[in-house]
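What follows is a predicted protein model with its sequence.
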Protein chains: 2
Amino acid sequence: MHAELQLDNQVCFRLYTAARLITQAYTPMFNELGITYPQYLVLMVLWEKDNQPVNDIARRLLLETNTVTPLLQRMEKLGIVSRKKGEQDKRQQIVSLTQKGRELEEAAYAQIPSGMNEQLSACPLKLEDYEHLAQELDSIIETLKK
Amino acid sequence: MHAELQLDNQVCFRLYTAARLITQAYTPMFNELGITYPQYLVLMVLWEKDNQPVNDIARRLLLETNTVTPLLQRMEKLGIVSRKKGEQDKRQQIVSLTQKGRELEEAAYAQIPSGMNEQLSACPLKLEDYEHLAQELDSIIETLKK
DNA sequence: CTTGTTTATATCGCAAACGATTTATTGTTA
DNA sequence: TAACAATAAATCGTTTGCGATATAAACAAG
């Protein structure tokens, strides 16, 4: 019986579980908007700066293009983004928000942050704990990303 | 431009990313053992206590049986667990380690914890930071699990 | 006892993730 | 400029994760 191999001693398992439960907590809110959590992440990238090639979006989210491309294809089918071939570099696909995609920003602003706060209202963590958590996660992310 | 909707302000995105990068860091080690991270989680549950029904394993991992059942079917095909119908309760499937599944414990003990330490050796977090992180994640998990 | 309800798994379909490979375009260099 | 290397996306196959549903066994009432 190796203590290192026990679930309760694993930060990694907690990370894996917390991430899943957060996504689950988001899900009903995203259902109302007709999107998913990863689609929301793409939208946040585009709300910050519109008309980006697939690669830039993928890099921002630390995802591979083979994850992002199908994601964008589904989002295009939903009518929230459009894609057109790059003019300077014809290998690129430039992804842009549609009117519907832009409108989702206000709807998300009205629902998502407050909804998540509500879900976590029973959580004893304080603002400074979340900031601390964010810093620790950033250390791990910075270390592991290539 | 709503600050709440910016990626950099999202603890949730960090959680999602850190969990993914941790899994990626594990992957080459698990490849050598011929398993995956979720399969490793199941093994940890069984190493702790063998011969458990699907439900107990799922509850321990905070997963649904519709995730765990196919996982176990793949693990059975790999020859690391076996399943047999419960004797008292014939609805249950009792999951047991095979010889091969038991042997994986030593191999995992020799490779996984040290391998993960190595991957994270460049990470500035100290032992107490990881403990703190674990506590914060537990708060979130406790709040969000049903 | 039998009818209805809960419980334990399993099945199905879809969206992610991601390794591996492919295709088209651009860049480089001999 | 012709051949080769690097880059941007896309495609393919597999494993997860999960909502919804199905199936079988156990349980509870009437």
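On my side now, so go ahead. Numbering: from 1, shown residues only, chains lettered A, B, ... in the order given.

make it CA atoms for all contacts and neighbour counts henceforth
Fine.

how near is the residue nearest to A:Ile80 when sequence neighbours are not counted to A:Gln52?
The shortest distance from A:Ile80 to any residue that is not its chain neighbour, by C-alpha to C-alpha, 6 or more residues apart in numbering or on different chains, is 4.2 Å, and that residue is A:Gly101. Distance of A:Gly101 to A:Gln52, given as C-alpha to C-alpha, to the nearest Å: 14 Å.

all strands of chain A, in order?
In chain order, chain A shows strands spanning A:52-53, A:81-85, A:93-97, with DSSP state E as the criterion.

Minimum distance to DNA strand D: which of those strands has it?
Closest approach to DNA strand D among the strands of chain A is made by strand A:52-53 (3.5 Å; C-alpha to the nearest atom of the strand).

outside of that closest one, which residues touch it?
By C-alpha atoms under 8 Å, 6 or more residues apart in numbering or on different chains, the list of residues contacting strand A:52-53 from outside reads A:46, A:86, A:92-96.

Distance to DNA strand D and neighbour count added to those residues, as JSON lines?
Shown next, in JSON lines, are the contacts of strand A:52-53 (distance: C-alpha to the nearest atom of the strand, whole Å; neighbours: other C-alpha atoms under 10 Å in any protein chain shown):
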{"residue": "A:Leu46", "distance to DNA strand D": "14", "neighbour count": "19"}
{"residue": "A:Gly86", "distance to DNA strand D": "7", "neighbour count": "15"}
{"residue": "A:Gln92", "distance to DNA strand D": "3", "neighbour count": "16"}
{"residue": "A:Gln93", "distance to DNA strand D": "4", "neighbour count": "19"}
{"residue": "A:Ile94", "distance to DNA strand D": "6", "neighbour count": "20"}
{"residue": "A:Val95", "distance to DNA strand D": "8", "neighbour count": "22"}
{"residue": "A:Ser96", "distance to DNA strand D": "12", "neighbour count": "22"}
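
Out of those, which is nearest to B:Glu131?
Comparing those against B:Glu131 with C-alpha to C-alpha picks out A:Leu46 as the nearest, at 35.9 Å.

What's the per-residue pLDDT of that closest one here?
At A:Leu46, the pLDDT value in this model is 98.

Report the beta-bridge partner residues of the residue nearest to it when sequence neighbours are not counted.
For A:Leu46, the nearest residue in space outside its immediate sequence neighbours is A:Leu97; the separation is 6.9 Å by C-alpha to C-alpha, 6+ apart. When bridges are called by DSSP bridges, A:Leu97 pairs up with A:Val81.

tell me the contacts of A:Leu97?
By C-alpha under 8 Å, 6+ apart, A:Leu97 lies in contact with A:46-47, A:50-51, A:80-82.

for A:His2, same thing?
Shown here is A:His2, whose contacts under the criterion C-alpha under 8 Å, 6+ apart are B:Tyr109.

picking up where we left off before, who wins for proximity to A:Leu137 among the strands of chain A?
Going by C-alpha to C-alpha, the one of the strands of chain A nearest A:Leu137 is strand A:52-53, 26.5 Å.

what about the closest one and DNA strand D, touching?
Yes: using C-alpha under 7 Å from any atom of the strand, strand A:52-53 reaches DNA strand D at A:Pro53.

near DNA strand C, anything from that strand?
No: no part of strand A:52-53 sits near DNA strand C under the criterion C-alpha under 7 Å from any atom of the strand; the closest distance found is 13.3 Å.

Can you check which helix is longest in chain A?
In chain A, ranked by residue count with DSSP state H as the criterion, the top helix is helix A:11-33.
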